[in-house]
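>>> Following is a predicted model, sequence given first.
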Amino acid sequence: MKTTLDLKGMACPKPVLETQKAFKNPEITEFEVIVDNTSARENLKRLAASKGYRCDVSEEGSIITVTIRREAALAVETDGQEYVAACDIDAGDSITSGRVLVIKNEFLGDGNDELGKVLMKGFLYTVTETKPYPEKVVLLNSAIKLSTINEETVMHLKKLEEAGTKIYSCGTCLNYYDLADQLKVGVTGNMYDVVDSLMSTSDRIIL
């Protein structure tokens, strides 16, 4: 059984939440989800990957159709990189389960912005040198520049990601700063990711 969800005009995280609701119907085996922004596209691809479902994307102008099928897929294609959906990351001793780092600004501390950039770079470097690593890093507002145009902090975040840390950059923030196409590490997140990260643990650090 196939269903079509017309979710054009919906801001994050509504497209993902509406699709998750549709997943609850076991009789539906194919979901054609129509959206009109890249953040929704990437979030739906990640949702499909997390379930191990097959996912295909077609685009015509600003209209994006994401087709999700309830059939096993070894991998889902994500921006030219293979997203392996069927295996869990073996983090070993690198990650403390439940620890979440939320960064709200590209600068660390108040005062001089140039100093703040230097401090943030040093902070992220120190995080990569201090185990155990956080399970998640959530970037909000101008902090998304740390995963896009700041090459030095991108390098540090990549090291964390390679060890198993999940890096989420706010999709609304990426669009606001016109940096959605410059994401270099991690994935595009949404408010559901933020709330889920904060509510699912008391072991969190907010900068």
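Alright, I've got the coordinates.
>>> CA atoms for contacts and neighbours, from now on please.
OK.
>>> Give me the domain ranges for the protein.
Residue ranges for each domain of the chain read 2-84, 95-206, as given by automatic domain parsing.
>>> rank those by mean pLDDT and give me the bottom one.
The minimum mean pLDDT among these belongs to domain 2-84 (a mean of 83).
>>> Any idea how far that domain is from the middle of the chain?
Remark: domain 2-84 is offset 14 Å from the chain centroid, using C-alpha atoms, centre = their mean, to the nearest Å.
>>> Going forward, count from 639.
Sure, I'll start numbering at 639, so the last one becomes domain 640-722.
>>> all helices of this structure, in order?
Under the criterion DSSP state H, the chain contains helices at 652-661, 676-689, 751-766, 789-800, 809-814, 829-837.
>>> Including distance to residue 779 and mean neighbour count, could those go into TSV?
Converted to TSV, the helices of the chain look like this (distance: least, C-alpha to C-alpha, whole Å; neighbours: other C-alpha atoms under 10 Å):
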stretch	distance to residue 779	mean neighbour count
helix 652-661	19	16
helix 676-689	15	21
helix 751-766	15	16
helix 789-800	16	19
helix 809-814	5	20
helix 829-837	12	15
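>>> Report the contact partners of the closest residue to residue 701 other than its chain neighbours.
Of all residues not flanking residue 701 in the chain, residue 674 sits nearest, at 4.9 Å (C-alpha to C-alpha, 6 or more residues apart in numbering). Residues in contact with residue 674 (C-alpha atoms under 8 Å, 6 or more residues apart in numbering) are 645, 646, 647, 700, 701, 702.
>>> neighbours around the third one, how many?
So the one you mean is residue 647. 12 (other C-alpha atoms under 10 Å).
>>> Provide the backbone phi and psi angles at it.
Backbone torsions of residue 647, given as degrees, to the nearest 10, read phi 80, psi 0.
>>> what does the second one give?
Backbone torsions of residue 646, given as degrees, to the nearest 10, read phi -60, psi 140.
>>> What is the burial count for it?
The number of residues packed around residue 646, counting by other C-alpha under 10 Å, is 16.
>>> got the contact list for the closest residue to it other than its chain neighbours?
Of all residues not flanking residue 646 in the chain, residue 673 sits nearest, at 4.4 Å (C-alpha to C-alpha, 6+ apart). Contacts for residue 673 (C-alpha under 8 Å, 6+ apart) come out as 644, 645, 646, 647, 648, 653, 679, 701, 702, 703, 704.
>>> Tell me the one of those nearest residue 836?
Using C-alpha to C-alpha, the shortest approach to residue 836 within these belongs to residue 653, at 20.7 Å.
>>> so who does that closest one touch?
By C-alpha under 8 Å, 6+ apart, the residues touching residue 653 are 645, 673, 678, 682.
>>> on that earlier part again, state the distance from the residue nearest to residue 701 to residue 785.
In this view, residue 674 and residue 785 are 24 Å apart by C-alpha to C-alpha, to the nearest Å.
>>> Export the helices of the chain as CSV, with columns for distance to residue 695.
Output for these, formatted as CSV (distance: least, C-alpha to C-alpha, whole Å):
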stretch, distance to residue 695
helix 652-661, 15
helix 676-689, 8
helix 751-766, 35
helix 789-800, 25
helix 809-814, 19
helix 829-837, 22
